[in-house]
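K.L.:
For reference, the sequence and a predicted model appear below.
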Amino acid sequence: MPTPTVPVSPLAGLADFFTTWRCIHLTAPENPSAEPAPELAVQLGRFFTAWAENHNALFRDTPIPESLADQLQRFFAAWQPLHTPIDHKQSVPTIDWAARVIEMTLFFEDFRPALQAQAALHSQGSLINVWEVSGLGWNELRNSKVLAWLLDCRGTHGQGAKILATLLEGIPSDIKDFPKSGTTDLPYWTRVESCPLGEKDSRVDIEIDGEGLLLFIEIKIGAVETAKQLDRYLAIAKARARGRPWGVIYLTRYGQLPSRYQDAGTDVPLIPVSWSDVIKAIERQIETLPDCFTKIVLRQFVEHIQSFL
């Protein structure tokens, strides 16, 4: 039989949060950027779990749309008793609302400097996300152009071949003929939507062609391979390599090859790479940079990639 509960005002839970937050906040004023206290994280996790359960129940019981305020009121009425079981013999606790209001007021006073700093950054344009404004989305051609720019040793990002070299460091060393990170030391050129043999049916998303390597990168975000394009890219790259290290990278959301290549072993210079691998390569370069515009742009592109993983 369920344990009887005594209804508690929904404002009590909100006030308790502000009280707990402030107590923890004041214990480490010298480190305002510290990680949230574990107990608050647990409370937050429980909150969202309960919210999902009650949210679904509320919409099943109420087919007619209602205001957000009404939904919140009904949610807290259902949620609060589930997480504050009180023995039926226990009296309802007395809440010192005057003290709770003070705690909530102090919370917002402490929070005001953060809001002011955010407003200052906004007015200076420091919160501009260039990739969001450009509308990259899941468009493979647009993302290919940005990635090609990052991998270009002559790119205006000023990082030379470092991001490409880092990406190649993650390639297994036993793959036959595949370019290594050191091959980026020699000059190379990066092209987008390249037609290496002049055939439009064999258009490579990114071609990296240099004195020390030949590398094709086929990019997928939401699409899949079409018309055995990887077979054509391998044949073209092999014909054009002329003794240089060469290979094809198949860049997908989760780094998986088509089934016919999954057992190819090390004899085929075709490597699956995930967008998470690209993130790691960019983040390694970010760690080496001082605060600068390039660092901001690289960080924003990482955040953009994370949006479709």
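P.N.:
Perfect, I can see it now.
K.L.:
Which element, helix or strand, includes Ile296?
P.N.:
Ile296 belongs to helix 293-306 when assigned by DSSP states H and E.
K.L.:
cool, Lys238 as well?
P.N.:
Per DSSP H and E, Lys238 falls inside helix 229-241.
K.L.:
And that helix, what's buried?
P.N.:
Buried residues in helix 229-241, counted by 16 or more other CB atoms under 10 Å: Gln229, Leu230, Arg232, Tyr233, Leu234, Ile236, Ala237, Ala241. Yep, even glycine has a C-beta here, placed from its N, CA and C like the rest.
K.L.:
Could you do stretch 161-172 as well?
P.N.:
Under the neighbour-count rule (16+ other CB under 10 Å), stretch 161-172 has Ala161, Lys162, Ile163, Leu164, Ala165, Thr166, Leu167, Leu168, Ile171 buried.
K.L.:
Ramachandran angles for the nearest residue to Tyr254 once chain neighbours are set aside?
P.N.:
Nearest residue to Tyr254, sequence neighbours excluded (CB to CB, 6 or more residues apart in numbering): Ser274, at 5.5 Å. Main-chain torsions, Ser274, degrees, to the nearest 10: phi -100, psi 160.
K.L.:
for Ser274, which residues make a bridge with it?
P.N.:
Thr252 (DSSP bridges).
K.L.:
In contact with it, which residues?
P.N.:
Applying CB atoms under 8 Å, 6 or more residues apart in numbering, one finds that Ser274 lies in contact with Leu251, Thr252, Arg253, Tyr254, Gly255.
K.L.:
From those residues, pick the one nearest Ala114.
P.N.:
The shortest gap between Ala114 and any of the contacts of Ser274 belongs to Arg253, at 34.6 Å (CB to CB).
K.L.:
so that closest one touches Ile221, yeah?
P.N.:
Yes: using CB atoms under 8 Å, Arg253 is in contact with Ile221, at 6.3 Å.
K.L.:
Looking at those two, which is more packed in?
P.N.:
Ile221 (18 against 15; other CB atoms under 10 Å).
K.L.:
element containing the closest residue to the more buried one other than its chain neighbours, please.
P.N.:
Sequence neighbours aside, Trp138 is the residue nearest to Ile221 in space, at 4.8 Å (criterion: CB to CB, 6+ apart). Using DSSP H and E, Trp138 is not contained in any helix or strand.
K.L.:
Need the pLDDT of Trp138.
P.N.:
We have a pLDDT of 92 for Trp138.
K.L.:
Next, the contact list for it, please.
P.N.:
Here Trp138 is in contact with Ile221, Gly222, Phe308 (CB under 8 Å, 6+ apart).
K.L.:
Which residue ranges of this protein form strands?
P.N.:
188-194, 204-210, 214-219, 246-252, 270-274 (DSSP state E).
K.L.:
Adding distance to Ala99 and mean pLDDT, write those strands out as TSV.
P.N.:
Listed next are those as TSV, based on distance: least, CB to CB, whole Å; pLDDT from 0 to 100:
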stretch	distance to Ala99	mean pLDDT
strand 188-194	63	92
strand 204-210	62	95
strand 214-219	58	96
strand 246-252	56	96
strand 270-274	52	94
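K.L.:
how about those, which one is nearest Asp110?
P.N.:
Taking those one by one with CB to CB, strand 270-274 is closest: 41.1 Å.
K.L.:
Measure how the closest one sits relative to helix 229-241, angle-wise.
P.N.:
With axes from the mean of the first three to the mean of the last three CA atoms, to 10 degrees as the basis, strand 270-274 and helix 229-241 are set at 120 degrees to each other.
K.L.:
For strand 270-274, output the C-alpha coordinates as CSV.
P.N.:
Output of strand 270-274 as CSV, limited to C-alpha atoms (Å, rounded to 0.1, in the frame of the first residue of the first chain):
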residue,chain,number,x,y,z
LEU,A,270,40.2,3.2,-46.9
ILE,A,271,39.7,4.5,-43.4
PRO,A,272,36.5,5.2,-41.5
VAL,A,273,36.6,8.4,-39.5
SER,A,274,33.9,9.8,-37.3
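K.L.:
and it with strand 246-252, angle?
P.N.:
Angle of strand 270-274 versus strand 246-252, following the same axes, to 10 degrees, is 30 degrees.
K.L.:
circling back: just the residues contacting the helix holding Lys238, thanks.
P.N.:
Residues contacting helix 229-241 (CB under 8 Å, 6+ apart): 177, 196-197, 201-202, 204, 214-216, 218, 246-248, 250, 258, 261, 268-270.
K.L.:
still on that earlier bit, the buried residues of stretch 161-172: which two are farthest apart?
P.N.:
The most widely separated members of the buried residues of stretch 161-172, counting by CB to CB, are Lys162 and Ile171 (15.7 Å).
K.L.:
Okay, domains of this protein per the record?
P.N.:
Here the domain parsing of the chain from automatic domain parsing is 10-123, 131-306.
K.L.:
Compare the mean pLDDT across those and name the weakest.
P.N.:
The stretch with the lowest mean pLDDT among the domains of the chain is domain 10-123, at a mean of 62.
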